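*Asks:* need the 3D shape of this:
(2 chains)
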Amino acid sequence: MTLSWKQAAMFVAAIGMLAAVAAPLSNEPTADLFGRPMLLAAILLSAALYAASAFVSARLSIAVTFAGVLVGCGVTLVLLRDDTIEGYAASGFWVLVLANWIAAWLGVAALASVKLHDKAAGRMVDLAIPLLFGAFVFYLWEVVVRGFGVPSVLFPAPSLIGVRFFESLWMLWQDFFQTFILGVLTGYAIGCGAGFLVAIVANRYTFLGRGLLPIGNFVSALPIVGVAPIMVMWFGFDWPSKAAVVVVITFFPMLVNTLAGLNAAGHIERDLMRSYGAGQGQTLRKLYLPAAMPFIFNALKINSTLAFIGAIVAEFFGTPTLGIGFRISIMAGRMALDVVWAEIALAAIAGMAFYGIVALAERATTFWHPSYRT
Amino acid sequence: MTSSSYATARPVQIRWHPAIVRSAPVIVIVLGLIAVWYVAAVLMNRNLVRSQFERDDTPYTTGELIAGTLDAERPLLPAPHQIIETFSEDVFGWPVTSPRSLIFHSWVTLSATFLGFALGAAFGIFLAVLIVHARTLQKSLLPWIICSQMVPILAVAPIVIVVLGSIGLRGLFPKALISAYLCFFPVTIGVVKGLSSPDPIQRDLMRTWSATQPQIFWKLRWPSAVPFLFTSLKVSITISLIGAIVAELPTGAQAGIGARLLAGSYYGQTIQIWAALVAASLLAVLLIGLISLIERWVGELMGGRA
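*Replies:* Numbers count the residues shown, from 1 in each chain, chains lettered A, B, ... in the order given. Model (predicted):
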């Protein structure tokens, strides 16, 4: 019988799990795996699952592999709770981690090569792959940081950040409200709205449009965040200055994209509108704006990330004692990196949610566009 | 836009030179913006200058007031000529090595930009090549790369500085790392798009010639990715500049355009802030021009299809 390289790699993972039993777990004196019968059983189980996955059908093998990875990762996390292992992990421990890594990689690779006819199931798989990948990256982060005993001042483990996150929910909410709701959302609404209106006016008066488009393109390429200190000087330390920076940053991408979008309506459609005797307002509402929608949403998406960056940068130039950017720079100075990471997690969640909502709105309003009708 | 072109009986029209048709609106609007700027400067600095006059107990006319608003030392909004004056003094008035010279500060930021850009572009291309060749990575890593851009990455900047500082890395490298982190994304996305842009037919042709993977890469995929690469590079070099400027803010850097902005904001030197902004804008234009130049040169080397 010949082995495919995937089967061979699964065997390597299984043998790795078994080899770890013989190798030392820690540089400190500690009980070996025979002194921990539950964990030994779990290791044997996961090794058996890895070996078994090489022989069952392709679909089943994925499930078996991930069951093994779950058990194997669980073992290493339980081991880390031992004070004589955390920070002193030795070859036996790392072989376990490495074997899990190989198995997890093969599992994700197998999942990625699955071809499904059912569309909904296919989408679930496409969602599951990055999630599993991400979960394993967090696992590696946790294990490496705690196994090597990296000081949490330098690089805190995800579990520590999670604990800090839930401990300081109230502070995080206040910072979120100050930076995101007051600063980002206000500025985003005003900036995008203004860009949109100016684009509509510029589209009406050709001369204005021809002048504004190159200028808008030029300004979009400039490092506009630099206006942050000026805005802080004009509007004070509180949120209006942050909103003002966001307005300036979001205005030009919106202007340029909307102008491009309003030009996207074809000649034939315009002639059709004219032959219907449609007025200016009707043509705008029924032809130009729908045609511009994909461009407008493009700008909304670009702006959703730019806005957040602008608000945080503006906070470096002065804030009341609140806000995500303020907290990050203060806490980084005090070396309280777990709080900093909790704030970053907050910013990440807020940023992705913001982008996600805009993307969902796009799907709901431009479902007719060719790019979605695949 | 062309609604007028369908009008029937039209009077004899003067045919302007296309260059004039293209540039006239831009020039008119720029002039208009400058005029608005002057008016705004008068309006915004009015109270400042008036209270100055009243404190000195000097009688003043409206003309003097307006002249004062355009010549204030720390105006809320400096007039364009003041900015240009300060800019040219900062650029030409000092030796290049002096910490008062804007060229010195620009160079500090520019060196971080270049290093960050090189790192970011290399990393971006590397990731793109990996992603195109490994389906697993495309499905597992690409979503995370996209997510990473929705995170306000600048928030991470202070941590990068602190962590790298604690292991002894200071100065140029941490700044470059932040700007690399900011600018790799457009390169990755653009190159992934470019590397997968050849038609399946062309790839099949390579296979019928029994070309190896490296041959397909160097003779088909890479050449067709080059135009995409340069479009992305133009986007990412300005991002890289922004990254380098912003990275100077939380670090309390002593030199660089970001440091100039910070110092100007601490001491209320508005004109200095604006001059630094002008310098940053000029740098951005120069950098994009540089990339365009290289693009044209590479295009000629590759057979000048552009």
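*Asks:* could you measure from A:S57 over to A:T65?
*Replies:* Separation of A:S57 from A:T65 (C-beta to C-beta, to the nearest Å): 12 Å. C-beta: built from backbone N, CA, C; applies to glycine.
*Asks:* show me which of these two is the more surrounded one.
*Replies:* In this view A:S57 and A:T65 are compared by other C-beta atoms under 10 Å in any protein chain shown, and A:T65 has more residues nearby, 27 against 8.
*Asks:* isn't the more buried one up against A:M10?
*Replies:* Yes - with contact defined as C-beta atoms under 8 Å, A:T65 counts as touching A:M10 (7.4 Å).
*Asks:* show me which positions of the worst-scoring helix or strand of chain B on mean pLDDT end up buried.
*Replies:* When the helices and strands of chain B are scored by mean pLDDT, DSSP states H and E, helix B:157-166 comes last with a mean of 73. For helix B:157-166, a neighbour-count test (16 or more other C-beta atoms under 10 Å in any protein chain shown) marks B:A157, B:P158, B:I159, B:V160, B:I161, B:V162, B:V163, B:L164 as buried.
*Asks:* closest to A:V246 among those?
*Replies:* Of all the buried residues of helix B:157-166, the one with the least separation from A:V246 (C-beta to C-beta) is B:A157, at 18.4 Å.
*Asks:* for chain A, give me the ranges with low pLDDT.
*Replies:* Low-confidence segments of chain A (pLDDT under 70): A:1-3, A:31, A:370-374.
*Asks:* where do the domain boundaries of it fall?
*Replies:* Domain assignment of chain A by automatic domain parsing yields the ranges A:5-150, A:166-372.
*Asks:* got those domains as JSON lines, with distance to B:A122 columns?
*Replies:* Shown next, in JSON lines, are the domains of chain A (distance: least, C-beta to C-beta, whole Å):
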{"stretch": "domain A:5-150", "distance to B:A122": "22"}
{"stretch": "domain A:166-372", "distance to B:A122": "23"}
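*Asks:* buried deepest among these, which one?
*Replies:* Most buried of these, by mean neighbour count (mean count of other C-beta atoms under 10 Å in any protein chain shown): domain A:166-372, with a mean of 20.
*Asks:* about what we covered before: looking at the buried residues of helix B:157-166, which is nearest chain A?
*Replies:* Closest approach between the buried residues of helix B:157-166 and chain A, by C-beta to the nearest C-beta: B:P158, at 3.9 Å.
*Asks:* show me which residues of the stretch 51-200 of chain A sit near chain B.
*Replies:* When proximity is defined as C-beta under 8 Å from any C-beta of the partner chain, the stretch 51-200 of chain A approaches chain B at A:105, A:108-109, A:112-113, A:126, A:129-130, A:132-134, A:153-155.
*Asks:* try 7 Å
*Replies:* Proximity of the stretch 51-200 of chain A to chain B, by C-beta under 7 Å from any C-beta of the partner chain, involves residues A:V108, A:A109, A:A112, A:S113, A:D126, A:I129, A:P130, A:F133, A:G134, A:L154, A:F155.
*Asks:* now do the contacts for the residue lying closest to A:M352 once chain neighbours are set aside.
*Replies:* Of all residues not flanking A:M352 in the chain, B:M150 sits nearest, at 4.8 Å (C-beta to C-beta, 6 or more residues apart in numbering or on different chains). B:M150 sits next to A:T305, A:G351, A:M352, A:Y355 when contact means C-beta atoms under 7 Å, 6 or more residues apart in numbering or on different chains.
*Asks:* need the pLDDT of B:M150.
*Replies:* B:M150 carries a pLDDT value of 70.
*Asks:* what do you get for B:L293?
*Replies:* At B:L293, the pLDDT value in this model is 92.
*Asks:* and the one 5 residues further on, by the same measure?
*Replies:* The predicted structure scores B:V298 at 88 on the pLDDT scale.
*Asks:* name the nearest residue to it, ignoring sequence neighbours.
*Replies:* Nearest non-adjacent residue to B:V298 (C-beta to C-beta, 6+ apart): B:V226, at 6.6 Å.
*Asks:* distance of that neighbour relative to B:Q213?
*Replies:* 19 Å.
*Asks:* neighbour count winner among those two?
*Replies:* Shown here are B:V226 and B:Q213; by other C-beta under 10 Å, B:V226 has more neighbours (16 against 10).
*Asks:* distance of that one from B:W218?
*Replies:* To B:W218, B:V226 is 12 Å away according to C-beta to C-beta.
*Asks:* I'd say B:L115 and B:K175 touch.
*Replies:* No - B:L115 lies out of contact with B:K175 (C-beta atoms under 7 Å); the separation is 8.2 Å.
*Asks:* which of those two has more neighbours?
*Replies:* Neighbour tally, B:L115 and B:K175, criterion other C-beta under 10 Å: the higher count belongs to B:K175, 31 against 19.
*Asks:* hmm, B:T113 and the more buried one touching each other?
*Replies:* No - applying C-beta under 7 Å as the test, B:K175 and B:T113 come out as separate, 8.7 Å apart.
*Asks:* quick check: neighbours shared by the two?
*Replies:* Shared contacts of B:K175 and B:T113, defined by C-beta under 7 Å, 6+ apart, comprise B:A244.
*Asks:* and the gap between the residue nearest to B:V298 and B:S232?
*Replies:* Noted for B:V226: a distance of 11 Å to B:S232, by C-beta to C-beta.
*Asks:* and the stretch 201-306 of chain B, which of its residues are near chain A?
*Replies:* Residues of the stretch 201-306 of chain B lying close to chain A (C-beta under 7 Å from any C-beta) are B:238, B:241-242, B:245-246, B:249-250, B:261, B:264-265, B:270, B:273, B:277, B:280-281, B:284, B:288.
*Asks:* and these, which are buried?
*Replies:* Buried subset of those (neighbour count, 16+ other C-beta under 10 Å): B:238, B:241-242, B:245-246, B:249-250, B:261, B:264-265, B:270, B:273, B:277, B:280-281, B:284, B:288.
*Asks:* am I right that A:G323 is in contact with A:F177?
*Replies:* No - with contact defined as C-beta under 7 Å, A:G323 and A:F177 do not form a contacting pair (9.4 Å).
*Asks:* report the secondary structure state of B:V96.
*Replies:* Secondary structure, DSSP: H, G, I helix; E, B strand; the rest coil: B:V96 is coil.
*Asks:* got the contact list for B:S232?
*Replies:* B:P186, B:V187, B:G190, B:V191.
*Asks:* now A:A345
*Replies:* Taking C-beta under 7 Å, 6+ apart, we find A:A345 in contact with A:I161, A:F165.
*Asks:* that's a helix at it, yeah?
*Replies:* Yes - counting by three-state DSSP, A:A345 is found in a helix.
*Asks:* ok, residues contacting the helix or strand A:C73 falls within?
*Replies:* Secondary-structure assignment from DSSP states H and E places A:C73 in helix A:58-80. With contact meaning C-beta under 7 Å, 6+ apart, helix A:58-80 is reached by A:17, A:25, A:39, A:42-43, A:45-46, A:49-50, A:52-53, A:56, A:85-86, A:93, A:96-97, A:99-100, A:103-104, A:106-107, A:110-111, A:139, A:143, A:146-147.
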